[in-house]
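Trainee: Let's see this in three dimensions:
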Amino acid sequence: MKQNEMLAMILAGGRGSRLLDLTKKVAKPAVSFGGKYRIIDFPLSNCANSGIDVVGVLTQYESVLLNSYVAGGGRWGLDSRGSGVYVLPPREKADANLDVYRGTADAISQNIDFIDNYNPEYLLILSGDHIYKMNYDKMLDYHKANKADATIAVIGVPMKEASRFGIMNTDEDGKIVEFEEKPAQPKSNLASMGIYIFNWKLLRRMLIADMKNPDSNHDFGKDIIPAMLAEQKSLYAWQFKGYWKDVGTIDSLWEANMDLLDEKSELNLDDRSWTIYTEDVTSLPQYIGEEASVDCAYITQGCRVEGEVKNSVLFTDSVVAKGAKVIDSVLMPGAVVEEGATVTRALVADGVVIGKGATVGAADSETIELVAKRVKEAE
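Mentor: Here you go, the predicted structure:
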């Protein structure tokens, strides 16, 4: 891929409200994942591994930590001459009080000048809040082979879940003939992953027209893609085969972390052929006490385990004290489970302390309990 043939824009401004207290002060893409990573590490690492040199990260809600984390791009090797990661907050006021992008298409429209500065032939648009490993260069090859105006990455989902997604109906060659947003009666199970490749000149023209339309939602799924189909542009669905997870809820974030414990899972973070890069945290090696019991666990550097850990993921610097039990749970960075406490089917937020003898979560719970505040010692 020659330099700037394709430029990437990562939509990283969602509120992440379904993650509850985890995103009260932190943007969803900056939420911790997998022991030592942040969600934004995945699309940025995919860009670096795919040979994309310039990446714009479009931020808005609670973006201070996210902005400082991605600025420069050094963690992903995107800080050398001719490459870089650029933070792009909203420049226009959507209402009198708040600077926000009005929709996914508006986020790109507000940054047309930035994109034009690099004059790419193709524009790659990504969501910043999914867990997956993808070679975008292969998707571009597919786009070129079909002489497409736009290519949308899709993944097959169970038919019973298809109504939750934007669904692509295609012909036998993969050409999109219809797009349905969360259809009540889906005709296909090909769900949009929120990953698009557009021919930039065409998309630029359509974005400018969309900006002038007072009735538009300024959204790719609701406006831009339907407009392209109405103009009979050539849109193709590129079917992704691999691990992909939308970690938009506490349960799905817990599930994605649990997937790291499955030897058959396609989410292998130790795969050196497709490295997921992250911040190099300075911590001591993990310590497992002589009396500790560890069974099927993912334990990161800096952790101290002196109690029982079973089928759980422990993030950097988390602690399980003597007599404590952590079962089917996720401890985020710096979480502490004190002596005699029990944590079951729970996700314990960054730095939260579970007091001595306390009990949180339950083995028979249908949902995962989020523990975002200190739990007092048992009486």
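Trainee: thought D223 was touching D210?
Mentor: Yes. With contact defined as Cβ atoms under 8 Å, D223 counts as touching D210 (5.9 Å). All C-beta spots, glycine's among them, are computed from the backbone N, C-alpha and C.
Trainee: which residues are in contact with both of the two?
Mentor: Between them, D223 and D210 share these contacting residues under Cβ atoms under 8 Å, 6 or more residues apart in numbering: A105, S216.
Trainee: Quick check: chain neighbours aside, which residue is closest to A378?
Mentor: Spatially, and ignoring its direct neighbours in sequence, A378 is nearest to G357 (3.4 Å; Cβ to Cβ, 6 or more residues apart in numbering).
Trainee: Next: K373.
Mentor: Of all residues not flanking K373 in the chain, V352 sits nearest, at 6.6 Å (Cβ to Cβ, 6+ apart).
Trainee: dump the residue contacts of the one you found.
Mentor: M332, A335, V336, V371, A372, K373, R374, V375.
Trainee: the helices in the stretch 151-300 of the chain, which residues?
Mentor: Using DSSP state H, counting those that start in this stretch, the helices of the stretch 151-300 of the chain run over 200-211, 225-230, 250-258.
Trainee: Quick one: residues in contact with the first one.
Mentor: Residues from elsewhere that reach helix 200-211, judged by Cβ under 8 Å, 6+ apart: 7, 105-106, 108-109, 112, 115-116, 120-123, 149-150, 216, 218, 223-224, 227-228, 233.
Trainee: ok, of the residues you listed, which come out buried?
Mentor: Buried by 16 or more other Cβ atoms under 10 Å: 7, 105-106, 108-109, 115, 120, 122-123, 149-150, 216, 218, 223-224, 227-228, 233, out of those.
Trainee: can you tell me how far the nearest residue to A27 once chain neighbours are set aside sits from V26?
Mentor: With sequence-adjacent residues excluded and distances taken as Cβ to Cβ, 6+ apart, A27 is closest to L66, at 4.3 Å. Counting by Cβ to Cβ, to the nearest Å, the separation of L66 from V26 is 7 Å.
Trainee: go on, D53?
Mentor: On the measure of Cβ to Cβ, D53 and V26 end up 28 Å apart.
Trainee: Ok, S365 next?
Mentor: In terms of Cβ to Cβ, S365 sits 25 Å off from V26.
Trainee: So which of the two has more stuff around it?
Mentor: Shown here are S365 and V26; by other Cβ atoms under 10 Å, V26 has more neighbours (21 against 12).
Trainee: I'd guessed the more buried one sits against S63; true?
Mentor: No. If you go by Cβ under 8 Å, V26 and S63 don't touch, sitting 9.2 Å apart.
Trainee: Look up which residues are beta-bridged to V57.
Mentor: With DSSP bridges as the criterion, V57 is bridged to I10, V87.
Trainee: For it, give me the pLDDT.
Mentor: Looking at V57, its pLDDT reads 94.
Trainee: Ok, S45 next?
Mentor: Value listed for S45 in the pLDDT field: 96.
Trainee: now I115: how far from L88?
Mentor: Taking Cβ to Cβ as the measure, I115 falls 10 Å from L88.
Trainee: what residue ranges in this structure are flagged as low confidence?
Mentor: Along the chain, the parts satisfying pLDDT under 70 run over 1-4, 92-99, 379.
Trainee: Longest strand in it, please.
Mentor: Using DSSP state E, we find that the single longest strand of the chain is strand 190-199.
Trainee: Thought F198 was touching L140, still the case?
Mentor: No. Contact between L140 and F198 fails when scored by Cβ under 8 Å: they sit 11.3 Å apart.
Trainee: Show me the common contact partners of the two, please.
Mentor: Y122.
Trainee: okay, the two: which has more neighbours?
Mentor: Counted by other Cβ under 10 Å, L140 and F198 do not tie: F198 has more neighbours, with 28 against 22.
Trainee: Brilliant, that's me finished.
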